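>>> What follows is a predicted protein model with its sequence.
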Amino acid sequence: MALERVTLGKSLTSGMRKVMERDPKVVLIGEDIGKLGGVFRITEGLQKDFGEARVIDSPLAESGIVGTAIGMALRGYRPVCEIQFDGFVYPAFDQIVSQLAKMPARSLGALTLPVVVRIPFGGGIGSPEHHSESPEAYFAHTAGLRVVVCSNPEDAHWMIQQAIESDDPVIFLEPKRRYHDRAEYDTSATSAPRGLHEAHVVREGTDVTLVGYGPGVKTMLESAGAAQAEGISIEVIDLRSLSPLPIDTVVESVRKTGRLVCVQEASSFLGMASEISAQVTERCFYELESPVIRVAGANIPYPPSRMEDEFLPDLDRILDGVDRALAY
């Protein structure tokens, strides 16, 4: 066992390196991902080790990046696209929802498109306009796409490998404000601790279920720790997969606790928290002791960086949601 304390960003790098060593058909394509290693340095060193034919610096054209990846996938490659920032994915939206998501079904399964689209998402780093977005609901709503999001270094290392090895197109969301978070895990392990689309109960509890994903998981754990000091036992679930949605894990927890609080950075309107609320209410109506509570961003365009703290769910807002659930 080789326990190492590694950042989430470097865990993504090591995961891509391993799958590239195993499969010569895996290629990376994106803006400044070669010599520079990407704006977040996630692909640092990979072009040096695998060459310019496998780590391709593209023009500044997201539609071209994804369109090229689709063509490469049709020729037997496994392309991994890097979208520099979440707000830059929209020029590629037509390629993703009209072509990437639909082509396997359009061909009645004769064609597979093993394309991964990596998207740094969410706020918390003081970025300017178009550099902090939460576009996950757009893609989770689109049939034909798998949508996953890592929240910690160990998951990042394994989930990127599992996504690349999937024969379906995968939207891979990376919480940019967690890139430098460190955690210790066994870097010599040869198998993933859980499947790509499995939720993870990261903290067990009995009074309230707290569910979220990506950048919010760390904040949820901090909230659960603060609540424990007041005698409140919170169960924390990291969804990890948004489509398919591992709702059974959430339902099992809610049937135990009787209460559910959903956390997301994105606007509360028509988001993942809304879908989880609907499905849990349908399946756990008689077990619920209170309405499902949502803690989310406001239904406004992402604000300037100096107002991020007012927009993003924090420990106080999450604990307020817990208190509202317990008040019934």
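Nice, thanks for sending it over.
>>> Give me the domain ranges for the protein.
Following the assignment in automatic domain parsing, the chain carries domains at 3-186, 200-326.
>>> tell me how far the ends of the last one are from each other?
From its first residue to its last, domain 200-326 covers 24 Å (Cα to Cα, to the nearest Å).
>>> Out of the domains of the chain, which gets nearest to A192?
Each of the domains of the chain was scored for nearness to A192 using Cβ to Cβ, and the closest is domain 3-186 (3.9 Å). Heads up, the C-betas are built off the backbone N, CA and C, glycines and all.
>>> Quick one: mean pLDDT for that closest one?
Across domain 3-186, the average pLDDT comes to 96.
>>> helix, strand or coil for the residue lying closest to N152 once chain neighbours are set aside?
Once flanking residues are discounted, N152 sits nearest to A183: 5.4 Å by Cβ to Cβ, 6 or more residues apart in numbering. Three-state assignment for A183 (DSSP: H, G, I helix; E, B strand; the rest coil): strand.
>>> Quick check: bridge partners of A183?
Beta-bridge pairing of A183 under DSSP bridges involves V6.
>>> Could you double-check that it lies in contact with V6?
Yes. Counting by Cβ atoms under 8 Å, V6 is a contact partner of A183 at 7.1 Å.
>>> Mind checking which of these two has more residues around it?
Legend: neighbour count by other Cβ atoms under 10 Å for A183 and V6, higher for V6 (20 against 16).
>>> show me what contacts that one?
S14, P153, H157, R182, A183, E184, Y185, T187 (Cβ atoms under 8 Å, 6 or more residues apart in numbering).
>>> Please tell me how far it sits from F88.
Remark: distance between V6 and F88 (Cβ to Cβ, to the nearest Å) = 27 Å.
>>> Next one: V97 relative to Y213, how far apart?
Taking Cβ to Cβ, one finds V97 at 21 Å from Y213.
>>> Now F172: phi and psi?
Main-chain torsions, F172, degrees, to the nearest 10: phi -110, psi 110.
>>> Just give me the neighbour total for it.
By the criterion of other Cβ under 10 Å, F172 has 26 neighbours.
>>> what's near enough to touch it?
F172 sits next to V116, V117, R118, I119, V148, V149, C150, M159, I160, A163 when contact means Cβ under 8 Å, 6+ apart.
>>> Mind listing the residues bridging to it?
Here F172 sits in beta bridges with R118, V148, going by DSSP bridges.
>>> Check for me that E174 belongs to a strand.
Yes. In this structure, E174 lies within a strand as judged by three-state DSSP.
>>> Skipping adjacent residues, who's closest to it in space?
With Cβ to Cβ, 6+ apart, the residue lying closest to E174 is P120, at 5.0 Å.
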